[in-house]
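*Asks:* got a sequence here, can you model it:
(one chain, ligands or ions: 1)
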Amino acid sequence: MNDPAETLRAALAELVDGLPPRQAAQAVERLIANYRGDTPTDAPILRDRADVVAYAAYRMPATFAAVRSALAAFADAVPGWVPGGHVDVGGGTGAATWAVGATWPGERPVTVLDWAEPALALGREIAGALPALREARWRRARIGAGLTVEETDLVTVSYVLNELTAADRAALVDGAASAARAVVIVEAGTPDGYARVIEARDRLVAAGFRVAAPCPHSAACPIVPGTDWCHFAARVSRSSLHRQVKGGSLAYEDEKFSYVAATRLPAEPAGSRVIRRPQIRKGQVLLDLCEPDERLRRRTVTKRHGDLYKAARDADWGDAWPPEADRPAS
Ligand SMILES: C[S@@+](CC[C@H](N)C(=O)[O-])C[C@H]1O[C@@H](n2cnc3c(N)ncnc32)[C@H](O)[C@@H]1O
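*Replies:* Residues are numbered from 1 along each chain as shown. So this is what the prediction gives:
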């Protein structure tokens, strides 16, 4: 069977193989410079094929991995549910459509909306490699008050909010909430990215959604603004283009991201969520948890806890805690 992650990697490698190495590296450098400004623009940043090839080769593996990780946590909270349709808003070259395909294999109606025609064109081209995406529709649309999102099961919005004005962010989240039964929003794992996720989370909850992941509850986030930010990490293998642009020989990098997955479906959020990398000490594991009573707590799991201690040694940043099997029946 086709593994979407592997298929995507191969499709992107083929794309870069078609470019002279210097040209690819220059396009990436231009892209990084353009994305440094965090202010919304009046026109697409991804203007031509060189821009979108650079975006796809350089950023898409990381945005794919972040969305994949957010969707995995969401899927755990809605066991047995499979989206019957998907709309990816600000979808660009389609990273989130690949992540949805990897999370819930199979065919479904898929629509990608973006204002950058070259991004849509390349997304369509790469998607030819994955049978489930061959019928996807790639449509030009501007996010703002005039945006209509067709009714669907799942809307994804990945790495888009930071490119929008406050009014457009609000219009997008409200539009997604009225169109879909589940909305998954992913942003960079920075204090600003987290703040935009919280703003969207508040709007989704006000629209009647329940937070399914990462939070164990839908009440206010217990993090005091300005003191910390909730974020996670997804491991991404570095491509040869990455090494060329960034130097160094590391085989991977950790993509930091913040996210919220909210739904009108019945959901079983995690008992608690591991919100930092666990610290393994001799005979004990320290877990920083976001807990269902709306508090952050550090818990120490020791050898005396038996199987739970074994589970804690395997626990990872971003995991639900305790693991499924140890969760009290509700
Ligand atoms: C950083 S890229 C993210 C692409 C993709 N979602 C991903 O995760 O890889 C941001 C995308 O948002 C799109 N975008 C930004 N502002 C937009 C707007 N006002 N209307 C439509 N698309 C917009 C850009 O064209 C670009 O494709």
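
*Asks:* check which helices and strands the top strand by length along the chain is in contact with.
*Replies:* Determined from DSSP state E, the single longest strand within the chain is strand 252-263. In terms of contacts (3 or more C-beta pairs under 8 Å, 6 or more residues apart in numbering; DSSP states H and E), strand 252-263 is packed against helix 60-77, strand 182-188, helix 191-206, strand 210-213, strand 232-237. Heads up, the C-betas are built off the backbone N, CA and C, glycines and all.

*Asks:* output the ones you listed as a markdown table; include the columns mean neighbour count and mean pLDDT.
*Replies:* As requested, those are exported to a markdown table (neighbours: other C-beta atoms under 10 Å; pLDDT from 0 to 100):
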| stretch | mean neighbour count | mean pLDDT |
| --- | --- | --- |
| helix 60-77 | 23 | 97 |
| strand 182-188 | 27 | 98 |
| helix 191-206 | 19 | 98 |
| strand 210-213 | 23 | 98 |
| strand 232-237 | 18 | 95 |
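
*Asks:* re the thing from before, give the next helix or strand downstream of the longest strand of the chain.
*Replies:* For strand 252-263, the following helix or strand on the C-terminal side (DSSP states H and E) is strand 272-274.

*Asks:* paired strands for that following strand, with orientation please.
*Replies:* If you go by DSSP bridges, strand 272-274 pairs up with strand 284-291 (antiparallel), strand 320-321 (antiparallel).

*Asks:* pLDDT (mean, whole number) over that strand?
*Replies:* When pLDDT is averaged along strand 272-274, the result is 98.

*Asks:* same deal with stretch 80-88?
*Replies:* The average pLDDT within stretch 80-88 is 98.

*Asks:* ditto for stretch 277-285
*Replies:* Mean per-residue pLDDT for stretch 277-285: 97.

*Asks:* what does that stretch contact?
*Replies:* By C-beta atoms under 8 Å, 6 or more residues apart in numbering, the list of residues contacting stretch 277-285 from outside reads 233, 286-288, 300-303, 309, 312-313, 315-317.
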